[in-house]
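Q: please find the sequence and the predicted model below.
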Amino acid sequence: MTQYEVPTLAHVAKLAGVSENTVSRVIRNKGPIAEDTRNRVVKAIETLGYVPNRAAGSLASSGSLLIGVLLPSLSNVVFPEVLQGIHAALATTAYQPMVGVTNYDAGKEQDILSSLLAWQPAAIVTTGFDHTEATRRMLSNSRVRVAELMDIDAEPIDVAVGLSHRQAGYATGRHLIERGYRRIGYVGHDWGADRRARLRHDGVCQALSETGLTLRAEERFDGPSSTMAGRDTLATLLARAPDIDAVVFSNDDMAVGGFFHCLAAGIVVRKQLALFGFNGLDIGQALPMPLSTVRSNRFLIGKTAVERLLESPTRPEQRVVIDTGFDIIEGATA
């Protein structure tokens, strides 16, 4: 098959060295299949990025009105706001979203994407650039419109809509430096499932480096972000580096937890220790001292992405990056 040819059942059968009927039985999980044969077929499917068409031609002939949406979480308020933007863009159209939640698991994203593509959607909306190779092949081979959201620090498959997290981190570092902070620490969560947090960290380090500084100390929680993780991880950091005068947190959840630790420990926020977050969440602005942070335009990201995808059903040759920007919220904690 050629580089841009959509893989078919016949391609899978040829690569796996089996009949098309056997491939079909593996896909449908029908009848006895030798484990070695099943493994060869699954491997061929992943290698080619093949997706079965469960729409049986009905949607393909009339034009699918489905938009597949893959989000990492719905418990994190960031992504429901993105989904609200997606719904706003679809409100006056006949299109309907099909939403899958990956829980920051690239393997689960791959499985959900395969199911969504089987229904021949008009477009796929996903989050970030951290896909498995099989996911990337499926997205590339499908030729449906694809929007990758929240991040623009890599090359998209079709359209990327979001902000530069490296630049957001850099702006954070500059903000603190310009306000006289020099002994700066970092509190974060697991980078393995959050590439964007790592980019912001790197941006902070770049800003510090340009002024001849480095992070005085840093501590990361081995797991997802939360207020509890932010509280406990800040306590660990301060036990190692009690002389720091400012802390950059990987996001607002972590920063709010850090604020609660300061309250409990009798640390005067800003006067003794500055706190800086990311996301611009309402909870951070509802603190007794509104959190200093970066606000991302989450509703606009979702809305802009879908509007761009619906401009044309055909994926253009030129890949598009749309920067929705960010804003520094000065707040009162830094």
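A: Perfect, thanks for sending it.
Q: list the buried residues in the longest helix anywhere in the chain.
A: When the chain is scanned for its longest helix (criterion: DSSP state H), the result is helix 195-210. Neighbour-count burial for helix 195-210, counted by 16 or more other C-beta atoms under 10 Å, picks out 195-201, 203-205, 207-208. C-betas here are computed from N, CA, C, even on glycine.
Q: please apply the same query to stretch 289-299.
A: In stretch 289-299, counting by 16+ other C-beta under 10 Å, buried: 289, 291-299.
Q: now tabulate these in CSV and tack on secondary structure and pLDDT.
A: Output for the buried residues of stretch 289-299, formatted as CSV (DSSP: H, G, I helix; E, B strand; the rest coil; pLDDT from 0 to 100):
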residue, secondary structure, pLDDT
M289, coil, 97
L291, coil, 98
S292, strand, 98
T293, strand, 98
V294, strand, 98
R295, strand, 96
S296, strand, 94
N297, coil, 95
R298, helix, 96
F299, helix, 97
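Q: and of those residues, the nearest to A13?
A: Closest approach between the buried residues of stretch 289-299 and A13, by C-beta to C-beta: R298, at 43.9 Å.
Q: how close does the closest one get to L83?
A: Noted for R298: a distance of 9 Å to L83, by C-beta to C-beta, to the nearest Å.
Q: how about G185?
A: In terms of C-beta to C-beta, G185 sits 34 Å off from L83.
Q: so between these two, which is more surrounded?
A: G185 (22 against 18; other C-beta atoms under 10 Å).
Q: in the sheet, who's paired with the more buried one?
A: A217, V247 (DSSP bridges).
Q: and it, what does it touch?
A: 215-219, 237, 241, 244, 246-248 (C-beta atoms under 8 Å, 6 or more residues apart in numbering).
Q: how about the helices in the stretch 51-200 of the chain?
A: 58-62, 78-90, 106-117, 133-142, 165-178, 195-210 (DSSP state H, counting those that start in this stretch).
Q: mind listing what's buried in the second one?
A: Neighbour-count burial for helix 78-90, with 16+ other C-beta under 10 Å as criterion, is recorded at 78-79, 81-83, 85-87, 89-90.
Q: next: the fifth one.
A: Within helix 165-178, the residues that qualify as buried are 165-177, counting by 16+ other C-beta under 10 Å.
Q: just put these in TSV and tack on pLDDT and distance to I27.
A: Shown next, in TSV, are these (pLDDT from 0 to 100; distance: C-beta to C-beta, whole Å):
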residue	pLDDT	distance to I27
H165	97	38
R166	98	41
Q167	98	44
A168	98	43
G169	98	44
Y170	98	47
A171	98	48
T172	98	48
G173	98	50
R174	98	53
H175	98	53
L176	98	54
I177	98	56
